[in-house]
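In: How does the following fold in three dimensions:
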Amino acid sequence: MPKYVLGHDLKGEGTRLALMSQLLDPMHRRYVDALRVVRPRARTLEVGCGNGSISVWLAGRVRPGGTAVAVDLDLSLVDVRGPDLELRQGDIVAGPVEPGTFDLVTARAVLHHVQNPDAAIVNMVAGLRPGGALLLIEPDFLPVSVAEPPEVRAFWEGWLAWSRDRGIDYFIGRTLAPRLASLGLTNISGTAETAIYNGDSLWAEYWIETITELRGDLIGSGKIDEALVNNFLAYCADSNWWTQTIAFTAVHGRTPGG
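Out: The predicted structure is shown next:
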């Protein structure tokens, strides 16, 4: 079974996932609500559930009579439990989960790590019942191309070179709509949202945690040197520094019928 670049066994991964939930769950919930498919007796599937924060929220929304299924390669950091929440370990690339049964299938910040995202999307679409909705939220790192000051932009250039070597696609967000269209989904739409944040903020804390975990691998890759890492971490601690990093692209579509 595939593994994550940032494995769930790493010391700081629980903290990172908690920060990601705090930063991204409000946006994710807002997009789910706008689709109007999650209601009592509905069935939902979250692929790559992380710590389970969205799945447990979905379980509350489908009650009574519904089920929220949460799937991940590694469930060791799922820190929620509850009625109507079903946890499953699995790899979405290997095959669909209960084909034709879900009102909503969603995944956030998963596909950019997947070596075969087309297979993953095909299997997620296969899980939908007629009229069901697929919601994907993935990054586009376009904002870092104009990051300031120059040493921060140089850090991100090295980061993107490192990520390409690791098989990570930080620009996959912009490709989601045509991928869904090619599979026959209808009512395809989406938006991109970019957080503007400063040093000493939650987003800065997220990046400090991430870079600290990956520091050895980043420097060892030869794509980023010690000075660039130190400079970047210093800016993340400076409340006078403002920046943008990711355009989170949320794209959704529906299966015909229903």
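
In: all contacts plus neighbour counts: C-alpha atoms, from now on.
Out: Noted.

In: and the spatially closest residue to A109 that is not a sequence neighbour, how many neighbours does it have?
Out: In space, and not counting its chain neighbours, A109 is closest to E138: 4.9 Å by Cα to Cα, 6 or more residues apart in numbering. Neighbour count for E138, taken as other Cα atoms under 10 Å: 26.

In: same check, this time on G216
Out: Neighbour count of G216, defined by other Cα under 10 Å: 11.

In: Surely it is within a helix?
Out: Yes: assessed by DSSP: H, G, I helix; E, B strand; the rest coil, G216 belongs to a helix.

In: gap between it and E226?
Out: Distance, G216 to E226, using Cα to Cα, to the nearest Å: 10 Å.

In: Ok, P150 next?
Out: Here the distance between P150 and E226 works out to 16 Å (Cα to Cα).

In: How about V38?
Out: 47 Å.

In: Neighbour count: these two, which is higher?
Out: Counted by other Cα under 10 Å, V38 and E226 do not tie: V38 has more neighbours, with 24 against 13.

In: what's the pLDDT at the more buried one?
Out: pLDDT for V38: 98.

In: do the same with Y206
Out: Predicted confidence (pLDDT) for Y206: 96.

In: which ones are touching it?
Out: Applying Cα atoms under 8 Å, 6 or more residues apart in numbering, we find Y206 in contact with 16, 19-20.

In: will you turn these into JSON lines that also has pLDDT and secondary structure?
Out: Formatted as JSON lines, the contacts of Y206 follow (pLDDT from 0 to 100; DSSP: H, G, I helix; E, B strand; the rest coil):
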{"residue": "R16", "pLDDT": "90", "secondary structure": "helix"}
{"residue": "L19", "pLDDT": "96", "secondary structure": "helix"}
{"residue": "M20", "pLDDT": "95", "secondary structure": "helix"}
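
In: In TSV: those, plus neighbour count and distance to Y235.
Out: Below are those laid out as TSV (neighbours: other Cα atoms under 10 Å; distance: Cα to Cα, whole Å):
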residue	neighbour count	distance to Y235
R16	19	19
L19	18	19
M20	18	20
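
In: Take these and write them to a markdown table, including distance to G82.
Out: Below are the contacts of Y206 laid out as a markdown table (distance: Cα to Cα, whole Å):
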| residue | distance to G82 |
| --- | --- |
| R16 | 23 |
| L19 | 22 |
| M20 | 21 |
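
In: quick check, nearest of those to R108?
Out: Within these, proximity to R108 (Cα to Cα) peaks at M20, which comes in at 10.4 Å.

In: contacting residues around the closest one?
Out: By Cα under 8 Å, 6+ apart, the contact list for M20 reads Y206.

In: what is the residue nearest to A109 paired to in the beta sheet?
Out: Beta-bridge partners recorded for E138 (DSSP bridges): T249.

In: In the stretch 51-200 of the chain, what residue spans correspond to strands?
Out: 67-72, 85-89, 102-108, 128-138, 186-198 (DSSP state E, counting those that start in this stretch).

In: Take those strands and write them to CSV, including distance to V78 and mean pLDDT.
Out: CSV is the format used below for the strands of the stretch 51-200 of the chain (distance: least, Cα to Cα, whole Å; pLDDT from 0 to 100):
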stretch, distance to V78, mean pLDDT
strand 67-72, 9, 97
strand 85-89, 9, 96
strand 102-108, 15, 98
strand 128-138, 20, 98
strand 186-198, 26, 97
